[in-house]
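Engineer: Attaching a predicted model along with its sequence, questions to come.
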Amino acid sequence: MLNLKFIQENKETVIERLAVKNFDAREPVEKIIELDNLRKALQQEAEAKQAEMNATAKEIGKLMQTGQKEEAEKARKETAQLKNDIAELNNRRNEVGTQLNDLLLRLPNLPHISVAKGKSDADNEIVKIVDNIPQKHADDLPHWELAKKYDLIDFETGVKITGAGFPLYKGLGARLQRALITFFLDENTRAGYQEVQPPLMVNADSGYGTGQLPDKDGQMYYVGEDHLYLIPTAEVPVTNIYRDMIVEGERLPIKNTAYSACFRREAGSYGKDVRGLNRLHQFDKVEIVQITRPEVSYEALDGMVKHVESLLVKLELPYRIVRLCGGDISFTSALTYDFEVYSKAQEKWLEVSSVSNFEEFQANRLKLRFKDKGDKKTTVCHTLNGSALALPRIVAALLENNQCPEGIRLPKVLQAFMGTDMIK
RNA sequence: GGAAAGUUGGGUGAGUGGCUGAAACCAACAGUUUGCUAAACUGUCGUACGGGAUUAACUGUACCGGGGGUUCGAAUCCCCCACUUUCCGCCA
């Protein structure tokens, strides 16, 4: 959520910058300013009357105590009109406040100044691409066939148990999941991220805190009976650890990493790129989250990008780093780098990580601020997160790229976890 | 699923209608004292939204789980809801 004062003072900038995200903000922004001004006026009027009311009430109290019943009675009668006025003013203010808040919640984050306008992922800028892109051989198999051949993943049984998009991992396939999760968590911990294991369901407050609600309502699985949402990413519970907090400045930056299963309904995204592991309703991911002082958040973002890159290097996967254009960047993000790995048999780039700086956007909703020792003022933090990494497409690329006549070679860093250097 | 108790400031915890934005203690911060440490003492010590010239002093209002009500006046009384804890039941 954008800061109201900022919108007031930078109306045109807000509209221009949101246009980069292909979001026409003129109408909502003007409405927001109008409502905010109205709210202030109503507040001032109501508070002035309330102050008068409070003073009268105090007086009545004194009169009663000193036994001046008649005077008290007289004063009491005078409060009736005030009371009505205040009630009416407050009603109007609440109405205005609700409308205002609703508009604010639906306004996307401003893209960083460096973000280019663009329509879709076709306009993203490739900032780095490695040069060892593998060539497809005629007899290369896509990962879903390799998974079957080596009995690693059973999609059909997943369908039987639950439905499409819920694969059953088996044998070395299951072990590979465990190996990757452990590897990622170990690497992230070594890089200074404290490991946490969060709940897999969250309440609505948490959903609003990180911006999934109301924007992504309908994309999350909802457990109606208990009003809980299955998390689409560990970002949600982990970032919400710090909701409604004023942290000590010296604790920053806060760095957390968490493994979680992730659940996504993916409503409306059928038809394309859904084969095998490319798109699932349930998948495993290890996430990294940072909470920083505003002035260093872009440094932190660079650090996270470097870190994620190091994971891909260690896994010996061909990758590229993409800087998202305005049209492809998410509702909540100011700047996002996507990591994609090349999957040889599909001859396709697969997104495996998205590393974003949300600046104040989430922190405003979360009411996440910090205060330095001896300082009176609180400052809103910046929040960032990234996948490090999402498993399914990593697995897809590992299987496809490392297939050879003898089986599937495993990168060195996974061999100890897997107990073998080759899936046969 | 059944029953009971509870939800107050960073923590513990007092407070059953006006003098309570909230005692006391602890923690924290600043200072005095001190050869150093410790102790002692003094002071400061919530947040949000307004006003004040958008950075001050100062000042208004709100906030004691959330929402509504009674009242001139509510942390305190009433209603609804959420959550937490404990006991019983069930169960990994």
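Structural biologist: Looks like it came in fine. All figures in this text were calculated on a predicted structure; none of them were measured in a lab.

Engineer: For A:V247, which non-adjacent residue is closest in space?
Structural biologist: With sequence-adjacent residues excluded and distances taken as Cβ to Cβ, 6 or more residues apart in numbering, A:V247 is closest to A:F370, at 4.8 Å. Where C-beta positions appear, they are placed from N, C-alpha and C, glycine not excepted.

Engineer: list the contacts for A:F183?
Structural biologist: A:F183 makes contacts with A:413-414, A:417, as judged by Cβ atoms under 8 Å, 6 or more residues apart in numbering.

Engineer: so which helix or strand takes in it?
Structural biologist: Applying DSSP states H and E as the criterion places A:F183 in helix A:171-190.

Engineer: Please apply the same query to A:K285.
Structural biologist: Assessed by DSSP H and E, A:K285 sits inside strand A:282-292.

Engineer: Now do the same contact list for the residue of the stretch 251-400 of chain A found nearest RNA strand B.
Structural biologist: Going by Cβ to the nearest atom of the strand, RNA strand B is nearest to A:T378 of the stretch 251-400 of chain A, at 4.2 Å. The contact partners of A:T378, taken as Cβ under 8 Å, 6+ apart, are A:246, A:369-371.

Engineer: how about 10 Å then?
Structural biologist: Contacts for A:T378 (Cβ atoms under 10 Å, 6 or more residues apart in numbering) come out as A:246-247, A:249, A:367-372.

Engineer: Next: A:Y298.
Structural biologist: Neighbours of A:Y298 in contact, by Cβ under 10 Å, 6+ apart: A:112, A:114, A:292, A:334-335, A:357, A:359, A:382, A:384.

Engineer: Just the buried residues of the helix holding A:F183, please?
Structural biologist: A:172-173, A:175-177, A:179-181, A:183-185, A:187-188 (16 or more other Cβ atoms under 10 Å).

Engineer: Close to RNA strand B as well: tell me which of the residues you listed qualify.
Structural biologist: Counting by Cβ under 7 Å from any atom of the strand, the subset of these that neighbours RNA strand B is empty.

Engineer: one step back: the helix holding A:F183: how far from the chain's middle?
Structural biologist: Relative to its parent chain, helix A:171-190 has a centroid offset of 23 Å by Cα atoms, centre = their mean, to the nearest Å.

Engineer: quick check: angle from that helix to strand A:282-292?
Structural biologist: 0 degrees (axes from the mean of the first three to the mean of the last three Cα atoms, to 10 degrees).

Engineer: Using PDB, write out every CA atom in helix A:171-190.
Structural biologist: The C-alpha coordinates for helix A:171-190 follow below in PDB (Å, rounded to 0.1, in the frame of the first residue of the first chain):
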ATOM      1  CA  GLY A 171      12.000 -43.300  -4.500                       C
ATOM      2  CA  LEU A 172      15.000 -41.200  -5.700                       C
ATOM      3  CA  GLY A 173      12.400 -38.700  -6.900                       C
ATOM      4  CA  ALA A 174      11.200 -38.100  -3.400                       C
ATOM      5  CA  ARG A 175      14.800 -38.200  -2.100                       C
ATOM      6  CA  LEU A 176      15.700 -35.500  -4.700                       C
ATOM      7  CA  GLN A 177      13.100 -33.200  -3.200                       C
ATOM      8  CA  ARG A 178      14.500 -33.700   0.200                       C
ATOM      9  CA  ALA A 179      18.100 -33.300  -1.100                       C
ATOM     10  CA  LEU A 180      17.200 -30.000  -2.800                       C
ATOM     11  CA  ILE A 181      15.300 -28.600   0.200                       C
ATOM     12  CA  THR A 182      18.200 -29.500   2.500                       C
ATOM     13  CA  PHE A 183      20.800 -28.100   0.100                       C
ATOM     14  CA  PHE A 184      19.000 -24.800  -0.300                       C
ATOM     15  CA  LEU A 185      18.300 -24.400   3.400                       C
ATOM     16  CA  ASP A 186      21.900 -25.100   4.200                       C
ATOM     17  CA  GLU A 187      23.200 -22.600   1.600                       C
ATOM     18  CA  ASN A 188      20.800 -19.900   2.700                       C
ATOM     19  CA  THR A 189      21.700 -20.400   6.400                       C
ATOM     20  CA  ARG A 190      25.300 -20.100   5.500                       C
END
